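Engineer: Pasted the sequence and its predicted model underneath.
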Amino acid sequence: MALSRDDVERIAHLARITVDEAGIDRVLEELTGIFGLIERMQAVDTAGIEPMSHAQDVVLRVREDRVTETDQHALFQSIAPRVDAGLYLVPKVIE
Amino acid sequence: MHDLTLTQLSAEIAAKRASSVEVVTHFIKRINALNRKYNAYITVDEERSLAQARAADARIAAGAAAPLTGVPIAHKDIFCARGWRTTCGSKMLADFVAPYDAHVIERFNAAGAVIVGKTNMDEFAMGSSSETSHFGPVRNPWNLETVPGGSSGGSAAAVAARLAPAATGTDTGGSIRQPAALAGVSGIKPTYGVVSRYGMIAFASSLDQGGAFARTAEDLALLMNAMAGFDARDSTSLEREPEEYARELGRPLAGLRVGLPAEFFAEGVAPDVARAVEGAVAKFKAMGCEPIEVHLPNMALSVPVYYVLAPAEASSNLARYDGVRYGYRAGGYNDLIDMYKKTRAEGFGAEVKRRILIGTYVLSHGYYDAYYIQAQKVRRLIARDFRDAFTKCDVIMGPTSPTTAFRLGEKAGDPVQMYLSDIFTIAVNLAGLPGMSIPCGFDAKGLPVGLQIIGNYFSEAQMLNVAHHYQQATDWHTRAPSGIDL
């Protein structure tokens, strides 16, 4: 598998990270090296092996449906970049 | 005072031979004088620390002290501590003051321990050298031109340079054990799920595990007693009875079966490292342990598997840094998407962006099965290798790192070489097993070598006993680097 400049631009967009024109070639070269390492695991025969997502094979805990958190929005919003009237401010998304 | 171990210091304070205020003042004085040399701490807040120390002294005076009451402990800057700047080594969180405490911090606070500062680290714990921090690289106290390992390099360096008697760390692929080895201190990564991840800034959630650094195994048992335990706020925290981690420290080692994986003693291990580790194995044999050859045939696959799974989980975890609710936001932007993209391009460093891009790619449409699912399957093969090995032995030993500390900048330009420095530690995280590193000698340049001890699930108390007996019979762990005096 060979990564292309288009791949880098596509994943940078998906990851919401600006990569400038000059940076694309550098990122491409680095990722190509890393995928060269990753490819060593692709030839392994894993037929019939269950994917392992957790070390202990535990089932996800569920909790009682009751209120446990108190309202701390003033504290949490005190560290936000921009807030007004209890709302997080971002650039306009609807005209 | 700073030459005392955590256990000794705690006894001094409990016996009122030293007050917490005196001890904390002593360490802060050392940090203020020496930190510019090591860059081990990102944040020190003398007033906050002294307020905790005064409260600890009052608690001791009232006769309500616990084993860690009044002792200073450094925390990796990945643990949120209310009111403390918590940066995770990143520009993205350079001004983030945590509005709540991590479970680990709550536990230490409840024990009456004092936060003596927040330690430097690779950005978002992604690195093996502590060079990717937004706050500059950490320097290894044994040789300032070398790295202390990473990602918890600030914690390891702080303990090595006697700027704290103990420190917390996290280990996703070796980030406690490898810096413990390179900086010549003792470190433990518990079984996955034993220490709560609540308030520990997430990197790769199926692998991240909190742990600790100190100078001795006995000290680590004390720290484990405080840190371990169920926490409902971490969905992967395990519900288990509390343990006394020092309970086995007196048990003799005779008859202990020590597994030596052939893969740990193959080519690629520096000769001085191999010699020191073989010397340690001989010591265990002299103590009545039985060496047994075991095999971990899929070991070499652990690095490629890790560099699919960890970036995949990181790309998802780090999606939260969008410049909206907290953290850095770019200065100028045209619209919402542009704000996200510029915020993340400017707020994250090169290694973090690299891993987010890898993770985004392996999770993207058309590649998910070939990379992510395949990696999870090979992960199971690696875990099975350990399961099979532990039918033949009680603990596994080998080098923690294939080399001693490398030079600053030596691997910074070559991600693949940097990733391969964790070849002996990553498999342990993939399997979710507990692991330790303890000092077992020095190379020809005077740099410390670490012995890795890997245990079966939940065998921390046994591993600590194994390490403790070695430390009773050797003095590697008592050596201090030169240049740490004021």
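Structural biologist: Cool, the structure landed.
Engineer: can we go C-alpha only for contacts and neighbour counts from here?
Structural biologist: OK.
Engineer: Show me what the helix ranked longest in chain B packs onto, helices and strands only.
Structural biologist: Secondary structure assigned by DSSP state H gives helix B:20-38 as the longest helix of chain B. Contact analysis of helix B:20-38 by 3 or more Cα pairs under 8 Å, 6 or more residues apart in numbering or on different chains; DSSP states H and E lists helix B:46-61, strand B:72-76, strand B:114-119 as its packing neighbours.
Engineer: residues making contact with that helix?
Structural biologist: Applying Cα atoms under 8 Å, 6 or more residues apart in numbering or on different chains, the contact partners of helix B:20-38 are B:1-2, B:13, B:41, B:44, B:46, B:49-50, B:53-54, B:56-57, B:70-72, B:114, B:116, B:138-141, B:144, B:157, B:163-164, B:484, B:486.
Engineer: count of residues packed around B:Leu34?
Structural biologist: 18 (other Cα atoms under 10 Å in any protein chain shown).
Engineer: whoops, I mixed them up, B:Val378
Structural biologist: Counted with other Cα under 10 Å, B:Val378 comes out at 26.
Engineer: Kindly format the C-alpha coordinates of the host helix or strand of it as CSV.
Structural biologist: For B:Val378, the host element (DSSP states H and E) is helix B:374-389. Extracted C-alpha coordinates of helix B:374-389, given in CSV (Å, rounded to 0.1, in the frame of the first residue of the first chain):
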residue,chain,number,x,y,z
GLN,B,374,-6.5,-7.0,12.3
ALA,B,375,-4.4,-5.3,15.1
GLN,B,376,-7.0,-6.2,17.7
LYS,B,377,-6.7,-9.9,16.6
VAL,B,378,-3.0,-9.9,16.7
ARG,B,379,-3.3,-8.2,20.1
ARG,B,380,-5.1,-11.4,21.3
LEU,B,381,-2.3,-13.6,20.0
ILE,B,382,0.2,-11.5,22.0
ALA,B,383,-1.9,-11.8,25.1
ARG,B,384,-2.2,-15.6,24.6
ASP,B,385,1.6,-15.9,24.4
PHE,B,386,1.8,-14.4,27.9
ARG,B,387,-1.0,-16.7,29.1
ASP,B,388,0.9,-19.7,27.8
ALA,B,389,4.2,-18.5,29.3
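Engineer: Contacts for it next, please.
Structural biologist: By Cα under 8 Å, 6+ apart, helix B:374-389 touches A:41-42, A:44, A:46, A:49-53, B:259, B:294-299, B:301-302, B:305-306, B:308-309, B:427, B:430-431.
Engineer: go again using 6 Å as the cut-off
Structural biologist: A:49-52, B:294, B:296, B:298, B:305, B:431 (Cα atoms under 6 Å, 6 or more residues apart in numbering or on different chains).
Engineer: from those residues, which is closest to B:Ala467?
Structural biologist: B:Val294 (20.3 Å; Cα to Cα).
Engineer: Need the pLDDT of the closest one.
Structural biologist: Note on B:Val294: pLDDT of 98.
Engineer: What residues are bridge-paired with it?
Structural biologist: B:Pro261 (DSSP bridges).
Engineer: That one touches B:Glu263, doesn't it?
Structural biologist: No. Judged on Cα atoms under 6 Å, B:Val294 makes no contact with B:Glu263 at a distance of 8.9 Å.
Engineer: Comparing these two, which shows the higher neighbour count?
Structural biologist: B:Val294 (21 against 16).
Engineer: From B:Ala183, how far out is that one?
Structural biologist: Distance, B:Val294 to B:Ala183, by Cα to Cα, to the nearest Å: 28 Å.
Engineer: And for B:Leu93?
Structural biologist: Taken as Cα to Cα, the span from B:Leu93 to B:Ala183 is 27 Å.
Engineer: And the two? Which one has more around it.
Structural biologist: Legend: neighbour count by other Cα under 10 Å for B:Leu93 and B:Ala183, higher for B:Ala183 (35 against 21).
Engineer: any idea how far the more buried one lies from chain A?
Structural biologist: 28 Å (Cα to the nearest Cα, to the nearest Å).
Engineer: What is the neighbour count of the residue lying closest to that residue once chain neighbours are set aside?
Structural biologist: Spatial nearest neighbour of B:Ala183, excluding adjacent residues (Cα to Cα, 6 or more residues apart in numbering or on different chains): B:Pro148 at 5.3 Å. Residues near B:Pro148, counting by other Cα under 10 Å, number 39.
Engineer: again with B:Ala55
Structural biologist: Residues near B:Ala55, counting by other Cα under 10 Å: 19.
Engineer: Write out the residues of chain B neighbouring chain A.
Structural biologist: Applying Cα under 6 Å from any Cα of the partner chain, we find that chain B lies next to chain A at B:206, B:301, B:304, B:325-326, B:335-336, B:341-342, B:344-345, B:376-377, B:380, B:431-432.
Engineer: Which stretches in chain A count as helices?
Structural biologist: So, for chain A - with DSSP H - the helices run A:5-14, A:21-38, A:73-77.
Engineer: what about stretch B:187-197, start to end distance?
Structural biologist: 18 Å.
Engineer: can you check stretch A:86-93 too?
Structural biologist: 19 Å.
Engineer: How about stretch B:441-458?
Structural biologist: End to end - Cα to Cα - stretch B:441-458 spans 28 Å.
Engineer: how close does B:Gly409 sit to B:Tyr38?
Structural biologist: Applying Cα to Cα to B:Gly409 and B:Tyr38 gives a distance of 16 Å.
Engineer: neighbour count winner among the two?
Structural biologist: B:Tyr38 (20 against 14).
Engineer: What does the residue nearest to B:Ala183 show for phi and psi?
Structural biologist: phi -90, psi 10 (degrees, to the nearest 10).
Engineer: swap in B:Leu296?
Structural biologist: According to degrees, to the nearest 10, B:Leu296 has phi -130, psi 80.
Engineer: That one: neighbour count?
Structural biologist: 21.
Engineer: Look up the closest residue to it, ignoring the ones flanking it.
Structural biologist: Nearest one to B:Leu296, counting by Cα to Cα, 6+ apart, is B:Asp385 at 5.3 Å.
Engineer: before we move on, what about B:Pro481?
Structural biologist: Here the residue nearest B:Pro481, using Cα to Cα, 6+ apart, is B:Trp142, at 5.1 Å.
Engineer: Pull the number of nearby residues for B:Ile337.
Structural biologist: So B:Ile337, with other Cα under 10 Å, has 16 neighbours.
Engineer: What strand or helix carries it?
Structural biologist: Element membership for B:Ile337, per DSSP H and E: helix B:336-347.
Engineer: That helix vs helix A:5-14, what angle?
Structural biologist: 100 degrees (axes from the mean of the first three to the mean of the last three Cα atoms, to 10 degrees).
Engineer: buried residues in helix B:336-347?
Structural biologist: B:337-347 (16 or more other Cα atoms under 10 Å in any protein chain shown).
Engineer: for whichever helix or strand comes after that helix, the distance to its chain's centre please.
Structural biologist: Downstream of helix B:336-347, the next assigned helix or strand under DSSP H and E is helix B:350-363. Relative to its chain's centre, helix B:350-363 lies at 23 Å (Cα atoms, centre = their mean, to the nearest Å).
Engineer: Nice, that's everything, thank you.
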